[in-house]
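1. Just to be clear, the model below is a prediction. Sequence and coordinates:
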Amino acid sequence: MSVAAELERALRYPLADQLPPRGGAITLAPGVKWLRMALPFALDHINLWLLRDHIDGREGWTVIDTCIDHPEARAAWEDVFATALEGLPILRVLVTHMHPDHVGLAHWLCERWSAPLWMSGTDYMAARYACQVVNSFGGDRLADYFFSHGMTDAGDLDQIRHRKSYYRNLVPAMPPSYARLRDGQTLTIGGQAWRCIAGHGHAPEHMALYCEAAGILISGDMVLPRISTNVSVYEMEPEADALTLFLDSIDRFLPLPADTLALPSHGKPFTGLHTRIQQLHDHHRDRLAEVMEAAQARPVSAYDVLPVLFKRPLDLHQTTFALGEAVAHLHRLWFAGRLRRARDAQGIWRFAVA
């Protein structure tokens, strides 16, 4: 049995292997529906949520997250409009964070239904910026940053330098206005109280939503049942300690009841939240120990530790995410005083045991 399968056995999936049909929904609880849409990536789907709502005298739905903007997603939404909304409108579009699979179609849904966008202030501004610049997740600055962390292949760096409009190809626009979500804020959705819980490290200001009355946590990307969330450091905030922020953030879910139903953005709804949080801590503890072992042999760059952290072959697209995650692991050890860093003659950051 694989390690991943063994970890999954400690969790419980109330719906077993049942998945929503394309363009359809599964009702998880009164007024809570689960949608699932395809993504053209290795991570091939995203979960979206419909919450029955009542705003300003109107009955309808609050949508949680949107998918990327591509024709297949728009077609899937058209099916949802026809089959899952029960003849009611979308009243509000709520987005957990600024990554393209979550916010890509917010502009279209908000305009289509004259519905406001609700989102954290930091992620809204980050998304507005990313979809308006040409070199979003590409260009000279990112290539120089990756070189400083050990990516020296001229062909790879050239591809990154010439990668244009990565973000805005998936998020072509953002709604021009929004309502700000804040940590600890309580939203009334369908007559029930949903509390915002901010998380950091994966995105600037990710917002999960918890409803005590329903026993449901919409965990977004902060807690996923099968895979570990990407936690990266990139050129816009090159001195970040993202992994520490992430691990501190997921501990904020520990006070929730053990039988809370977690609704993740990828994977299936599950119970066993406390167990999963401990699994994530264990996972990163083990990876950090492996990074320390590698650094004891010789000073290492983030690129050097990619095969330590990732045991499978990576294409260039995957490597760009993996390299950011390698920096995050090195930085946690550096901020903790266990590693020291220095630039070598090439200008590459090397980390050695302190």
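-> Perfect, I can see it now.

2. Kindly export the helix or strand that contains L243 (C-alpha atoms) in CSV.
-> Using DSSP states H and E, L243 sits within helix 242-250. The C-alpha coordinates for helix 242-250 follow below in CSV (Å, rounded to 0.1, in the frame of the first residue of the first chain):
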residue,chain,number,x,y,z
ALA,A,242,5.7,30.9,3.6
LEU,A,243,5.9,27.4,5.1
THR,A,244,5.8,28.7,8.7
LEU,A,245,2.8,30.9,7.8
PHE,A,246,1.0,27.9,6.3
LEU,A,247,1.7,25.5,9.2
ASP,A,248,0.6,28.1,11.7
SER,A,249,-2.5,28.8,9.6
ILE,A,250,-3.8,25.2,9.4
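
3. Let me see the ranges of the helices in the stretch 1-150 of the chain.
-> In the stretch 1-150 of the chain, the helices defined using DSSP state H, counting those that start in this stretch lie at 3-8, 71-83, 100-103, 106-113, 121-130, 140-148.

4. Adding mean neighbour count and distance to H200, write these out as JSON lines.
-> (Glycine included, C-beta is placed from N, CA and C.) Listed next are those as JSON lines, based on neighbours: other CB atoms under 10 Å; distance: least, CB to CB, whole Å:
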{"stretch": "helix 3-8", "mean neighbour count": "12", "distance to H200": "24"}
{"stretch": "helix 71-83", "mean neighbour count": "16", "distance to H200": "27"}
{"stretch": "helix 100-103", "mean neighbour count": "27", "distance to H200": "16"}
{"stretch": "helix 106-113", "mean neighbour count": "20", "distance to H200": "21"}
{"stretch": "helix 121-130", "mean neighbour count": "20", "distance to H200": "9"}
{"stretch": "helix 140-148", "mean neighbour count": "18", "distance to H200": "20"}
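
5. helices and strands around the helix or strand harbouring R340, which ones?
-> R340 belongs to strand 339-343 when assigned by DSSP H and E. The helices and strands touching strand 339-343, judged by 3 or more CB pairs under 8 Å, 6 or more residues apart in numbering; DSSP states H and E, are helix 316-335, strand 349-353.

6. so which of those is the most packed in?
-> Of all the helices and strands packed on strand 339-343, helix 316-335 has the most neighbours on average by mean count of other CB atoms under 10 Å, namely a mean of 21.

7. who touches it?
-> For helix 316-335, the external contacting residues (CB atoms under 8 Å, 6 or more residues apart in numbering) are 42, 137, 146, 149-151, 156, 159-160, 201, 230-234, 239-244, 284, 287-288, 291-292, 295, 300, 302-303, 305-306, 309-310, 314, 339-341, 351.
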